[in-house]
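Novice: with the input below, show me the fold.
(chains A and B)
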Amino acid sequence: MAKIDRSGEPLLSVQDLRTYFYTRSGVVKAVDGISFDLHPGETLGIVGESGSGKSMTAWSILGLVPQPAGKIVGGKIFFKGQDLLEASPSEMRQIRGSGISMVMQDPLTSLNPVFTIGSQVIESLRMENKGPAAKLREMAAALLAKVSIPSPETRLHAYPHEMSGGMRQRVVGAIAISRSPSVLIADEPTTSLDATVQLQYLKLLKEIQETTGAAIIFITHDLGIVANMCDRVGVMYAGKFVEQADVLPLFDNPSHPYTQALMRSVPDLEVDVAHLPSIEGQPPSLDDLPPGCAFAPRCEHAFDKCDTYPDTFTIAEGHTSNCWRHSGDYSVAD
Amino acid sequence: MTRFILIRLVQAFFTLLALSAGVFFAVHLTGDVVSFLTSPQDTPQSVALMRQSLGLDRPIYVQYWIFLQNVVQGDFGHSWTWGRPASSLLLERLPNTLKLAASGFVLTLILGIPLGILSAVYRDSVFDRIAKFISVLGMAAPQFWVGIMLLLFFGAYLGWLPTFGIGGPTHYILPSFSLSLFLIAGMVRLTRSSMMEVLDSEYIKFARVKGLHERAVIWKHALRNAIIPVLTFAGISLGGLLNGSIVVEVVFAWPGLGRLMLTSVTQRDYAVLEATVLTAGAMYILMAMLVDILYAYIDPRMREE
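Specialist: Got it, this is the predicted structure:
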């Protein structure tokens, strides 16, 4: 993994982002105070269980929070110095696709079934490149070749249902990078692929990053992928980051009890066990969070102080954890 | 695509054949035609003569074969009540029904589809509320009642619109509206739900991620998918409209196919009955076929079945 230069201005800076949903059963705090910086060429992993707010963080950055229930109620998102929360709809459209792009979970449904692959790729290219149709077709074919799709010219005429899942995922990737975005968000892009295709796709994302220099936000619940793909990791629980660190320190020294539990739940192939380890209890419901640490009800180390939300403690340089255990008070309990 | 169309044509032909058999044999099941045409005073000889002259003494499958041969040549037989060939009656009434159907269909499309789309895109807006009101009203109110209420209000009370018969353009307003209200309601509901489902799909989210204008997202990406079930409904509706609505034609004294069909049933005018039912059926089958072909044109996945 190449060393990332973090001295310069971050490409994307999310500061105290809060995205709430106003529903009949109450306010759902899907994203509740997320902050991170993303530098050019860096890969940030966002890890957490389903419903922890990972995807909603991505949608908030793209300005596509589901309406009318969802609303960004606080924070700032700076992309190349511009606050996206202040951007006009047409500025946001310009940024989507050409500045920040995204590949989504399901390759089977990300492409419109009634248009050919070619028309969907060209549609994206056309927003930036004015030119004769033949030239755009050529560009589209080159783009498909870039994501290793065999005989791209003929594939342009194919409909999504005529391609395999892995192929479609590549097409989605091709469209996402068609306008050379500097940030690519990958929202669990391999969950619905089978294992062999998964690996190829991850390799493809790495290649894309190497050729385009894009920064990637990798949303996943798979720690194995994080270890392979990411430079930095944010562990998300109930709408908040509970731990942030570079990838090696995180795996060497997981500090938050939730991160530790996640790591324990990865089965070790060398050891025979009767039960696969899991984290006891259920993730909390986001419309009814405890006032303090949201993980406390499932945490084996929880003590009285956990009733108030923990401060951010610095474990090492660039490694933070939100847990009271890092304060001096923990030794009294336990 | 050519193969697809050919298959549909063959299927349409056989459906039509089955329909002709159904109509022919069903009519013959309703009783002996000869007993209806003769009086009890007639001698057995004259009854037999009548039977022979009508060809009813021959085996039923031979009769059916002759019927088919005639129908292919456009000859549906002679109407006993009108004293004219059934085909000439048909040709006289059919245009009236077609014109009414066309205006009702246009009304259904221009009101139903846009309202459905708007109410799906702007959920809980004023469009959505109008759409919900129309769809509940149209679904719940019976056609004859809608017709009579419109007649009373716009015809009798306000005196703005003619109340019966066929004439200038104003004659079309009330009948085509009462004819299509039910269909508009269905169209609004179907377009709305279909559109909402499509708007929730991943490819719509991805279209937005690509940076497309919301106009392109809705009117190109979403509509082309959402329109598929709507199209089926439109085709079937048009098929239904073309058959002529018996209720509306009776309420507004509209000289169309539906009323002709009704009289032919009450008069046991077999030639006219067979002519009207077969024509209506043929138009229905034709519409279904056109919808299928259009369907395959819009949705590439259909072509491969």
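Novice: show me which residues of the stretch 51-200 of chain A are close to chain B?
Specialist: Within reach of chain B by Cβ under 8 Å from any Cβ of the partner chain, the stretch 51-200 of chain A has these residues: A:62, A:64, A:68, A:89, A:93-98, A:101-102, A:104-106, A:109-116, A:123-124, A:127, A:159, A:161, A:172, A:175-176, A:179. For every residue, glycine as well, the C-beta is placed using N, CA and C.
Novice: looking at the stretch 151-300 of chain A, what residue ends up closest to chain B?
Specialist: A:Y159 (4.4 Å; Cβ to the nearest Cβ).
Novice: excluding chain neighbours, give the residue nearest to B:Q143 in space.
Specialist: Leaving aside its chain neighbours, B:Q143 sits nearest to B:V247 (4.8 Å; criterion: Cβ to Cβ, 6 or more residues apart in numbering or on different chains).
Novice: check the one you found and give its pLDDT.
Specialist: pLDDT recorded at B:V247 is 84.
Novice: mind jotting down where the helices sit in the stretch 201-305 of chain B?
Specialist: B:202-209, B:214-216, B:223-242, B:246-251, B:257-266, B:270-298 (DSSP state H, counting those that start in this stretch).
Novice: pick out the residue closest to the middle of the chain.
Specialist: By default, I'm working from chain A. A:I219 (2.7 Å; Cα atoms, centre = their mean).
Novice: my question was about chain B, not that one.
Specialist: B:G240 (1.8 Å).
Novice: below-threshold pLDDT in the stretch 101-250 of chain B: ranges please.
Specialist: B:243-244 (pLDDT under 70).
Novice: enumerate the residues of it near chain A.
Specialist: So the stretch 101-250 of chain B meets chain A at B:123-124, B:201-203, B:205-214, B:216, B:221, B:224-225 (Cβ under 8 Å from any Cβ).
Novice: how about 7 Å then?
Specialist: For the stretch 101-250 of chain B, the residues in contact with chain A (Cβ under 7 Å from any Cβ of the partner chain) are B:201-203, B:205-206, B:208-211, B:213, B:221, B:224-225.
Novice: the bottom helix or strand of chain A by mean pLDDT?
Specialist: When the helices and strands of chain A are scored by mean pLDDT, DSSP states H and E, helix A:195-212 comes last with a mean of 84.
Novice: closest one to B:L54 among the helices of the stretch 201-305 of chain B?
Specialist: Nearest to B:L54, of all the helices of the stretch 201-305 of chain B, is helix B:270-298, at 10.3 Å by Cβ to Cβ.
Novice: flag every buried residue along that closest one.
Specialist: Along helix B:270-298, these residues count as buried under the neighbour rule (16 or more other Cβ atoms under 10 Å in any protein chain shown): B:270-292, B:294-296.
Novice: for stretch A:262-279, same thing?
Specialist: A:262, A:279.
Novice: give me the contacts around that stretch.
Specialist: Stretch A:262-279 is contacted by residues A:223, A:254, A:261, A:298 when judged by Cβ atoms under 7 Å, 6 or more residues apart in numbering or on different chains.
Novice: now the residue nearest to the centre of chain B: how far from chain A?
Specialist: Separation of B:G240 from chain A (Cβ to the nearest Cβ, to the nearest Å): 27 Å.
Novice: what about that residue, distance to B:N225?
Specialist: The gap separating B:G240 from B:N225 is 25 Å, by Cβ to Cβ, to the nearest Å.
Novice: over to A:A69?
Specialist: 23 Å.
Novice: check A:A302 too.
Specialist: In terms of Cβ to Cβ, A:A302 sits 49 Å off from B:N225.
Novice: ok, the two, which is more surrounded?
Specialist: Taking neighbours as other Cβ atoms under 10 Å in any protein chain shown, A:A302 and B:N225 compare with B:N225 leading, 23 against 19.
Novice: isn't that one right next to A:V114, touching?
Specialist: Yes. Using Cβ atoms under 7 Å, B:N225 is in contact with A:V114, at 5.8 Å.
Novice: what's A:E188 in contact with, if anything?
Specialist: So A:E188 contacts A:105, A:219-220 (Cβ under 7 Å, 6+ apart).
Novice: how many other residues sit next to the residue of the stretch 101-250 of chain B found nearest chain A?
Specialist: Here the residue of the stretch 101-250 of chain B nearest chain A is B:G211; by Cβ to the nearest Cβ that distance is 3.1 Å. Residues within reach of B:G211, counting by other Cβ under 10 Å, total 22.
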